[in-house]
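> A structural model of the following input is requested.
(4 chains)
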Amino acid sequence: MKLHEYQGKELLRQFGVNVQDGKVAYTPDEVRTIAREYGQAVVVKAQVHVGGRGKAGGVKFSPTIDKAFENAEKILGMDIKGLTVNKVLVTKAVDIDAGTEYYVGMIVDRNVQSFTLMACAEGGMEIEELAAERPEAIIRHRVDPITGLRPYEAREVAIRAGFKGNLNKIADMMVKMSQAALARDAVLVEINPLFIDADGTPLALDTKFEIDDNAMYRHKDLLDWRELEAEHPLEIEASKYGFAYVKLDDGNVGVLGNGAGIVMTSLDVVNRAGAKPANFLDIGGGAKAEIVYNAVKLVSKDTDVKAIFINIFGGITRADEVAKGVIQALNEGILTKPVRMRIAGTAEEEAKALLAEVNSPLIQMYPDMFQAAEAASRDANSAGEAK
Amino acid sequence: MKLHEYQGKELLRQFGVNVQDGKVAYTPDEVRTIAREYGQAVVVKAQVHVGGRGKAGGVKFSPTIDKAFENAEKILGMDIKGLTVNKVLVTKAVDIDAGTEYYVGMIVDRNVQSFTLMACAEGGMEIEELAAERPEAIIRHRVDPITGLRPYEAREVAIRAGFKGNLNKIADMMVKMSQAALARDAVLVEINPLFIDADGTPLALDTKFEIDDNAMYRHKDLLDWRELEAEHPLEIEASKYGFAYVKLDDGNVGVLGNGAGIVMTSLDVVNRAGAKPANFLDIGGGAKAEIVYNAVKLVSKDTDVKAIFINIFGGITRADEVAKGVIQALNEGILTKPVRMRIAGTAEEEAKALLAEVNSPLIQMYPDMFQAAEAASRDANSAGEAK
Amino acid sequence: MGILVNKDSKVIVQGMTGREGASHSRAMKEFGTQVVAGVTPGKGGSDFEGWPVYNSVAEAKAAHGANVSIIFVPPAGAADAVLEAAHAGMPLIILITEGVPTIDMMRAVQEVKALDAISRANGGEGVRLIGGNCPGLVTSGECKVGIMPNKIYSEKGRIGLISRSGTLTYEAAKLLSDAGLGTSTTVGIGGDPVIGTTFADVLPMFEADPDTDAIVLIGEIGGADEEAAAEYIGKHMKKPVIAFISGRSAPAGKRMGHAGAIIMGNVGTPESKLAAFAAVNVPVADTMPQIMDMVKKALNIQN
Amino acid sequence: MGILVNKDSKVIVQGMTGREGASHSRAMKEFGTQVVAGVTPGKGGSDFEGWPVYNSVAEAKAAHGANVSIIFVPPAGAADAVLEAAHAGMPLIILITEGVPTIDMMRAVQEVKALDAISRANGGEGVRLIGGNCPGLVTSGECKVGIMPNKIYSEKGRIGLISRSGTLTYEAAKLLSDAGLGTSTTVGIGGDPVIGTTFADVLPMFEADPDTDAIVLIGEIGGADEEAAAEYIGKHMKKPVIAFISGRSAPAGKRMGHAGAIIMGNVGTPESKLAAFAAVNVPVADTMPQIMDMVKKALNIQN
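Next up is the predicted model:
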């Protein structure tokens, strides 16, 4: 679960990290009130779950109260990468020239089977860009997942990264960030920029914070922060069914299968057949007819989808249950797009018999995944041309 | 820092331990209100920092509201081992026959250099008694101080101890108790009795909770719970000076020295000389005249003290500073009891010269600790006889 | 023989009395696996379909001399179940559970590795965790400790199979079987970012196994386990290895079902994995059927 | 030679620039100890009375080949300072600080012991922590890494001294010196309940030291370290050991200055300690001067 900047800051503040003052506002009037209260220059920052807000004009320095109001009017309601801005964070502006900007972050790193702490003297840049351009500028340190980051380690990292300022305060902040990350099951925490003022005191100006979805059961107090409207509507619906579903851009073939690996490979096969997958949908192992029915219903709702490719390798999953689910969707009039299926394994013959009974051109079985994918791709592409 | 039952229960509750409902009251009227609110039999329990409240009549089952009021009148104001009861905990009474009482606790155990979890199927008894009488009934398990107690360990301990009930719930409770202990720097946590009802659900009926004084700096939120009036007045005063001071019963010789070991040995030497030490007072290393002055002032206030034995082995501590402090006390009229000193080491000659100048029979230096202790003991014992 | 498990393996099931644990205990028994007991805290002393159930792994292990444990415990208790088995001295632990919090896995994996090192330093057989979020492992025709379909593993073959994906493993095993090659041992290492055993851990076992002639490695996008495997192969492997990478058309930044299947920045891309295998002359199949051709070619088997 | 430290020991001081650190750095230098550098995070690169100051132990160790670190860091950072030194591979770490939270010490001691085991398993020299809340250690006439008065340790002798108490150690050392016996090495193990090194850890070093003829052990009430020492002596020691126990008249349940000096229930009583020493024929002195007589008797030295 991705958190907004203001939410991430709140969590860090709870663990004692020195975070820049700020308040959330939903209207330009509220922004004006906050700016007046602060009585100094502020920054108005769009709170949306996408990167690159700044470049898109979603972050604006506001030297006066009127300017803050004006900027809030521009930013609120703005569309950034398909998401509408409906709230902003108003923070006290900091005189960047009176200090230095750095980067610190902690991510789940499968290569070390733990967290990696990253620190870089070049703050403000996206870490991915930096990693691509000047990887040697980023100091990396494995954090022990049992003990967490210790002060002496934080000091060593700060020294190696070339941070200037009060070494103990900086290390203390990194330790507190690590404590927040471990206690809140973060998969990613970034403080970027980390501002260190002329006195050497660190201050978190912006943050990213993402929590492990598998661990949300122990962070029930944060469930209110989940914003379903920020996700694709079909992803929200899929999560209700418990499907692993990802909407993919520019696709025309709906893809579903049983198991992440087989679905990933199904995407590849559709690509190879000249069409584009419109989604990833794993119905899981041992799915019954109703689950298949729900999956077909979900994929059918996607207007990008012109044909559906179902790829099942039956072990626990029975082919006849898959067939039943698809037939139910057909009977209920939900299924209006061609379904091209490959269902190998258990109860394959029963499935064939059921489909033969229905005998609809919309549902067709193929002996292997390539033929099924090719048929679905052909159907999808010709439906596109027909438009 | 020792916590009251209700405070310990509050901490355990914060970590999710199922704790018996209860409220604190300072007057019999408040007790009546709580009993009425609960609308059932209650137990009125004295909240004082001593063991054996029950035997002393400080814990009373109260089947009716009137009985609760009556018991509160008896208990509030009661003296238990020298401490006045000024508050009680009123808890919902539990039908003990409808379940079983057990013991669980966690203590700092130097022999395993960590915490030891203790569990025993015989609840309600003092663990010290049990440890003396039937040590084999207590199951002991070292808790890793880094990871804390894990559920599987808690289950193993519960099984070995012969706990009957819902194994997972019992283990979960033990894990939560361990989390509270580690997070709150406990040196001792006990849940005794731990009541397990007919459904197998555990409930903490009584608790002991003691926090490491060295770690209080990270539990500032609990400082309000420190009750100075519950300690000996001289111990409170000593803590202001930063002295390690312990008031001892039935003593007549005030003892002070530099270092815990030398003071402990000084107590032994006084004992051997036929008197009784009235206190333990460590002035620490490198003490200046003012510290010695404060120490002498403190010990002089103790009416039990008839003579003072000062035992200094000077390394960092200068003998002349010790002499100066004692002389200051004499000059200010604070010192009215004989001081018998042994000050070996640095600046011994200067100290002798200072004392020769003062030439008071109240202050005498001796070449070794035995002679000084014997003189102090003789003075103290004869002062007692003279009375 | 194969690797890790064989007909002599004695298996306990942690979470046997749950829905998944029960059905797979039956399926393993049908396969021929020696399932000796179950563990369900609170149900110790009871009988489950003829199996004795214990409150703890230690009790079950002591009573039956078990040397493998398979875990079907729900996510919140899964890492604890792993630690219980590891501290009880179980040499091989298979964690099937999907959805375990990543930090729990980090801690469990680190602790299991520390216990493994201590055990080996003291001359013990070590402790190995496979998974989580994995289908388990099977030595064809001998012993299945996992959730894969029995049918495709009934006959012994001579190809070792390692995979991050469950269903693709079955697919590959079926194709190998249909092609007359068959599998020696199949190890599903799991789709999570933090797992107990990686490709590079399993490869040396296959290299040393006299019943394995070649290895099929089924990787996917995300992480750098394939790159680490390629490096190991280049340095240490004499037996042929054939690779397959799924998710080659997945976009960056999107998690493809498996928690670990995500391209983050320039880490985990198919390009990197293909390049790593190319550098050590490991052929990478574009489609699964191609795998069979490549295996046959590597082993000089005529079609 | 003595044990643990000698004239070749190179010592760094963690917390050199603080009040205590500074004064004891000077005193150690006066004693003749090779104090090579200081460590104070944030003051790296500066000079303190001629000593170079570093931000980290790793830097100081690398620059000077230091093999001992003494810590004067305040309680809240003391355990972290221990871990820093231990992870930097410092073989001997002396923690002087009093008042460190017990849980911090539990964690640090456990981790140091794990690092020690790993180091030794890999052929390294291990990692040893002495203290906290201890006066340090000194090999008479050679090297002091502690806070004891210099004067009483200027001349070499042949009696090893181990103690839980600071001042009693000085007292004993003075008496040994005055009696013409003198000390080889003196080790103050500290008065806290959780410490890095116990009596039983030090005894075998003295047993192996050719410059030590007998050992004086100064215990006190609380815990069971004296009992453990007695057991070790009974099983393994050939050299005579003379014991002394302070706090014999202290009441139960009261903490006598040292965090560890407390009789809890039936644990830590003087009776138990006296009985343990009696069982292995270790004489226990009633007063400190008696110690000298007992040592002389054990070594057949005429008064």
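> so what's the residue of the stretch 1-150 of chain A at minimum distance from chain D up against?
As assessed by C-beta to the nearest C-beta, chain D sits closest to A:R150 within the stretch 1-150 of chain A, at 5.7 Å. Every C-beta, even on glycine, is put in place using the N, C-alpha and C of the backbone. For A:R150, the contact set (C-beta atoms under 8 Å, 6 or more residues apart in numbering or on different chains) comprises A:175, D:80, D:83-84.
> how about a cut-off of 7 Å?
D:80, D:83 (C-beta atoms under 7 Å, 6 or more residues apart in numbering or on different chains).
> again, but for C:G265
Counting by C-beta under 7 Å, 6+ apart, C:G265 makes contact with A:128, A:131-132.
> ok, now how distant is it from A:G123?
18 Å (C-beta to C-beta, to the nearest Å).
> Find me the pLDDT at residue 133, would you?
Just so you know, I chose chain A. A:E133 carries a pLDDT score of 81 in this model.
> my bad, chain C
92.
> now C:N122
Confidence score, pLDDT, at C:N122: 88.
> just for chain A, where's the confidence low?
Within chain A, the segments meeting pLDDT under 70 span A:228-231, A:315-316, A:384-387.
> And the residue of it found nearest chain C, how close does it get to chain B?
Nearest to chain C in chain A, going by C-beta to the nearest C-beta, is A:G261, at a distance of 2.2 Å. Separation of A:G261 from chain B (C-beta to the nearest C-beta, to the nearest Å) stands at 32 Å.
> Output the contacting helices and strands for the lowest-mean-pLDDT helix or strand in chain C.
In chain C, the helix or strand scored least confidently by mean pLDDT, DSSP states H and E is helix C:166-178, which has a mean of 91. With contacts taken as 3 or more C-beta pairs under 7 Å, 6 or more residues apart in numbering or on different chains; DSSP states H and E, helix C:166-178 sits against helix A:260-272, strand A:307-314, strand C:156-163, strand C:183-188, strand C:214-220, helix C:288-298.
> Now do the phi/psi pair for C:E231.
Main-chain torsions, C:E231, degrees, to the nearest 10: phi -60, psi -40.
> Show the pLDDT at it.
pLDDT, read off for C:E231, is 96.
> Distance-wise, check it relative to C:V194.
20 Å.
> A:V253 too?
Distance check for A:V253 against C:V194: by C-beta to C-beta, it reads 33 Å.
> Name the residue in those two with the higher neighbour count.
Legend: neighbour count by other C-beta atoms under 10 Å in any protein chain shown for A:V253 and C:V194, higher for A:V253 (32 against 28).
> The more buried one is in contact with A:V269, isn't it?
No - here A:V253 lies out of contact with A:V269, judged by C-beta atoms under 7 Å, at a distance of 10.0 Å.
> Number of residues surrounding whichever residue of chain C sits closest to chain B?
For chain C, the residue closest to chain B is C:E84, as judged by C-beta to the nearest C-beta, at 3.5 Å. Around C:E84 there are 27 other residues, counting by other C-beta under 10 Å.
> Please apply the same query to the one 10 residues further on.
Burial measure for C:I94: 33 neighbouring residues, criterion other C-beta under 10 Å.
> Same check on A:Q14?
Neighbourhood size, A:Q14 [other C-beta under 10 Å]: 14.
> How about it: what's its closest non-neighbour residue?
Among residues not flanking A:Q14 along the chain, A:A180 sits closest, at 7.2 Å (C-beta to C-beta, 6 or more residues apart in numbering or on different chains).
> which residue sits closest to C:N150, ignoring its sequence neighbours?
Leaving out its chain neighbours, the residue that sits closest to C:N150 by C-beta to C-beta, 6+ apart is C:F31, at 4.7 Å.
> The residue lying closest to A:I334 once chain neighbours are set aside and A:N271, how far apart?
Nearest residue to A:I334 in three dimensions, chain neighbours excluded: A:K297, at 5.2 Å (C-beta to C-beta, 6+ apart). Distance of A:K297 to A:N271, computed by C-beta to C-beta: 25 Å.
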